[in-house]
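Participant: Below is the sequence, then the predicted model.
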Amino acid sequence: MPRPGLVLACSLFGAAACGEGDAPANEVPEYAVGRSVYATDAIQAVSTSIRLEDVTQEWAVAFRHATGAFGEKWMPETMGSGVAIFDYDGDGWPDLYFVNSTGWEGRGEDRGAGPRLYRNRFGDGPGAEPGFSDVTAEAGLGAWAADYDGDGDQDLYVTAVGDNRLYRNDGGRFTDVTAVAGAKGNGPGAADPAWSTAAAWFDADRDGWLDLLVCNYVDWTPETDLFFSRDGVNKSYATPEEYEGESCRLLKNDGSGKFTDVTETAGLLNAEGKSLGIAVDDFNDDGWPDVAVANDTYPNFLYINQGDGTFADAGLDAGIAFDRSGRARAGMGIDVADITNRGQLSIAIGNFSNEAVSLYTAIGPLTFQDLAGTAGLTRPTLLPLTFGLRFADLSSDGNVDLVLGNGHIEPEIRRVQGDVDFEQAPILFQNDGRGKFMDVGSGVGGGFAEPIVARGVATSDLDRDGDLDLVFTANGGAPKVLRNDTAPPGAWVRVRLRGSAPNFHAIGSIVKVFAGGVARRFYVGVSGSYLSQSETNPVLAGLGDAVQADSISVRWPDGETTMTGPVAAGTQIEIQQPGGGR
């Protein structure tokens with residue numbers, strides 16, 4: 001029986017999985033001790049103006065994730081779950097979709113309540129109760145979201161252990177069209193269904209139709225499950241080294257509602273990959289979308305779009321395949337941002353316990369260096385096991401902060417590694433604007449520092465008050481919805497893009513907001529984090545103390561550029577792609 005992950009048809013991802021590096025659980029890697037390139041100053045408590053409030057119950061989000069575990073410790077049980085933030089009903093307000101797992105067929109375990117879709121009530125007008133309503137039944141759902149058929153509403157793609165699912169959105173109701181669309185994502189002629197994890201919707205060939213990249217993890221089935229132990233006696237959740245990998249699959253959208261697997265001809269076939277995270281961006285600024293893939297105990301990929309329907313892996317040459325000691329880490333969640341507002345992209349990747357978070361920062365054309373130590377990220381991220389991560393400007397000062405969702409895969413990890421817990425507190429690193437990050441999580445309130453078994457991390461201005469809120473998912477537990485109550489908040493502008501048919505949501509656009517002599521850069525996409533999707537259109541840009549954005553530029557997916565004049569702080573602007581509209 002399929003075990004869902006999470007993917008939005010126009011921008012969402014799903015499934016779950018993760019693993020460990022090849023070092024023993026209690027061994028600290030050499031880069032973390034002694035005098036090394038990762039050496040940082042002692043961690044100090046830092047004050048912050050960011051304030052968060054746990055409003056999960058207040059906003060009526062009653063979801064609880066079920067793992068399907070029944071005592072045999074099968075790998076997929078510990079890898080979920082994810083969340084997608086998207087506007088399913090087109091009313092302009094972001095809704096929440098939580099992925100859930102089923103039980104294993106033939107086992108007597110609790111199967112949970114299934115995935116849940118929560119409709120945003122904040123836009124319902126005067127007198128409406130703030131928060132969300134569970135509309136799963138009336139939406140007819142069993143999965144996630146993005147506009148693959150060019151009709152203006154966001155459809156859903158859900159990844160799983162087994163066949164994935166594509167759900168077409170027809171006016172707020174979802175229909176399973178997986179078979180007719182050819183969107184299982186497991187590869188043609190595969191003997192066994194794949195274990196799919198991350199997915200991304202993007203226009204790989206710039207023909208206007210959103211294509212689908214589905215990443216797969218390892219070749220695991222209940223029949224091939226192996227015994228693995230951390231203490232030499234009891235079974236533990238296995239690591240990915242025990243299994244063969246699976247290739248990512250690229251499904252080309254032909255515009256008729258059907259997909260064709262073009263993985264091999266596109267140069268993406270690689271059965272060694274053990275992929276858990278995808279981030280799409282234009283890494284060489286040539287107008288074509290590229291793809292960074294985080295792999296678990298296998299070198300990370302950086303697929304550069306050649307502009308002719310093919311991709312070339314530049315991960316090794318670009319410096320993101322391995323860590324500085326030449327070791328493939330246990331890459332999971334991934335995200336991309338310009339952390340200094342200087343036009344240099346950074347790729348952050350969450351890794352296993354005893355492996356620090358990676359921060360590959362551009363130092364030249366398609367040349368990256370891991371600057372996690374210089375940025376102050378190495379020491380505080382060495383022990384946590386980081387799944388989801390997200391760059392987000394939570395203080396609206398114009399600099400992206402970094403949020404980490406942490407939690408181990410092994411409930412009994414403390415028995416073999418006394419300084420690591422199963423439940424772990426998330427971490428919030430505030431950006432000082434110069435590429436240095438400070439751990440401020442203990443001071444933001446709202447139960448942020450309380451330990452959970454976090455997996456997905458997503459952001460959106462859920463209540464449309466001008467600052468970004470946070471959503472964490474938990475493996476086998478309840479999510480956390482955290483409202484941003486930062487006071488005084490920084491100034492902001494909101495930019496909603498209206499793309500041309502069939503890409504009405506302008507996926508693949510790059511927005512730059514100019515204020516105070518710097519440019520805040522945003523890529524409008526549907527990838528990143530871990531099994532989760534954040535809202536990226538509209539773009540919410542923090543301005544700090546500025547009273548206006550001096551100008552806003554949009555480079556549309558077709559390469560054409562639109563430039564605006566000044567935009568007053570605290571306002572929303574809609575920008576229409578030339579020749580577009582509905």
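Facilitator: Everything's here; your move. Numbers count the residues shown, from 1 in each chain.
Participant: Which positions in stretch 505-515 come out as buried?
Facilitator: His505, Ala506, Ile507, Gly508, Ser509, Ile510, Val511, Lys512, Val513, Phe514, Ala515 (16 or more other C-beta atoms under 10 Å). C-beta: built from backbone N, CA, C; applies to glycine.
Participant: What of stretch 257-276?
Facilitator: 257, 259, 261-263, 266-268, 270, 273-276.
Participant: Could you point out the member of the buried residues of stretch 505-515 that lies closest to Ala198?
Facilitator: Set against Ala198, the nearest of those by C-beta to C-beta is Ile507 (16.1 Å).
Participant: Distance check, that closest one against Phe448.
Facilitator: 31 Å (C-beta to C-beta, to the nearest Å).
Participant: So which of the buried residues of stretch 505-515 belong to strands?
Facilitator: The strands, defined by DSSP state E, take in Ile510, Val511, Lys512, Val513, Phe514, Ala515 from the buried residues of stretch 505-515.
Participant: Please tabulate those in JSON lines and include pLDDT and distance to Ile452 as additional columns.
Facilitator: As requested, those are arranged in JSON lines below (pLDDT from 0 to 100; distance: C-beta to C-beta, whole Å):
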{"residue": "Ile510", "pLDDT": "98", "distance to Ile452": "34"}
{"residue": "Val511", "pLDDT": "98", "distance to Ile452": "33"}
{"residue": "Lys512", "pLDDT": "98", "distance to Ile452": "36"}
{"residue": "Val513", "pLDDT": "98", "distance to Ile452": "33"}
{"residue": "Phe514", "pLDDT": "98", "distance to Ile452": "39"}
{"residue": "Ala515", "pLDDT": "96", "distance to Ile452": "36"}
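Participant: Just the closest of those to Tyr303, please.
Facilitator: Distance to Tyr303, by C-beta to C-beta, is smallest for Ile510 among those, at 18.3 Å.
Participant: If you drop the residues flanking it in sequence, what lies closest to that closest one?
Facilitator: Excluding its sequence neighbours, the residue lying closest to Ile510 (C-beta to C-beta, 6 or more residues apart in numbering) is Arg555, at 4.5 Å.
Participant: Beta-bridge partners for the one you found, please?
Facilitator: Ile510, Thr561 (DSSP bridges).
Participant: From Ile50, how far out is the most far-flung residue of the chain relative to its centre?
Facilitator: Residue farthest from the centre of the chain, counting by C-alpha atoms, centre = their mean, is Val233 at 35.6 Å. Going from Val233 to Ile50 by C-beta to C-beta gives 45 Å.
Participant: go on, Leu316?
Facilitator: Counting by C-beta to C-beta, the gap from Leu316 to Ile50 is 38 Å.
Participant: If you count surrounding residues, which of these two has more?
Facilitator: Ranked by neighbour count (other C-beta atoms under 10 Å), Leu316 and Ile50 place Ile50 first, with 25 against 13.
Participant: Give me the pLDDT for the more buried one.
Facilitator: For Ile50, the model assigns a pLDDT of 95.
Participant: which residue packs closest to Leu166, ignoring adjacent ones?
Facilitator: Distance criterion C-beta to C-beta, 6+ apart; nearest residue to Leu166, sequence neighbours excluded, is Ala183 at 4.1 Å.
Participant: dump the residue contacts of that neighbour.
Facilitator: Tyr157, Asn164, Leu166, Val177, Leu212, Leu251, Phe259 (C-beta atoms under 8 Å, 6 or more residues apart in numbering).
Participant: quick one: which of these has the most company?
Facilitator: Of all these, the most densely surrounded is Tyr157 (36 neighbours; neighbours counted as other C-beta under 10 Å).
Participant: Can you classify that residue as helix, strand or coil?
Facilitator: With DSSP: H, G, I helix; E, B strand; the rest coil as the basis, Tyr157 sits in strand.
Participant: Any chance of the ones in strands among the buried residues of stretch 505-515 in CSV with distance to Met438 as columns?
Facilitator: Formatted as CSV, these follow (distance: C-beta to C-beta, whole Å):
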residue, distance to Met438
Ile510, 28
Val511, 27
Lys512, 26
Val513, 24
Phe514, 26
Ala515, 23
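Participant: For the stretch 401-550 of the chain, give me the ranges with low pLDDT.
Facilitator: The model of the stretch 401-550 of the chain has no residue with pLDDT under 70.
Participant: can you give me the strands for it?
Facilitator: 401-406, 427-431, 437-439, 454-460, 469-474, 480-484, 491-498, 510-515, 518-523, 539-544, 548-549 (DSSP state E, counting those that start in this stretch).
Participant: Of all the ones you listed, which one comes closest to Ile304?
Facilitator: Once those are compared by C-beta to C-beta, strand 518-523 is nearest, at 15.5 Å.
Participant: Note down every partner strand of the closest one and its orientation.
Facilitator: Next to strand 518-523 in the sheet, as set by DSSP bridges, lie strand 510-515 (antiparallel).
Participant: Just the C-alpha atoms of the partner strand, please, in PDB.
Facilitator: The C-alpha coordinates for strand 510-515 follow below in PDB (Å, rounded to 0.1, in the frame of the first residue of the first chain):
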ATOM      1  CA  ILE A 510      13.100  36.000 -10.500                       C
ATOM      2  CA  VAL A 511      12.000  39.000  -8.400                       C
ATOM      3  CA  LYS A 512      14.400  41.600  -7.200                       C
ATOM      4  CA  VAL A 513      13.200  44.300  -4.800                       C
ATOM      5  CA  PHE A 514      15.500  47.300  -4.600                       C
ATOM      6  CA  ALA A 515      15.600  49.400  -1.400                       C
END
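Participant: quick one, that strand and strand 491-498 angle?
Facilitator: Orientation check (axes from the mean of the first three to the mean of the last three C-alpha atoms, to 10 degrees): strand 510-515 against strand 491-498 gives 150 degrees.
Participant: List the contacts of strand 510-515.
Facilitator: 282, 398, 493, 495, 497, 519-524, 539, 541, 543-544, 546, 548-555.
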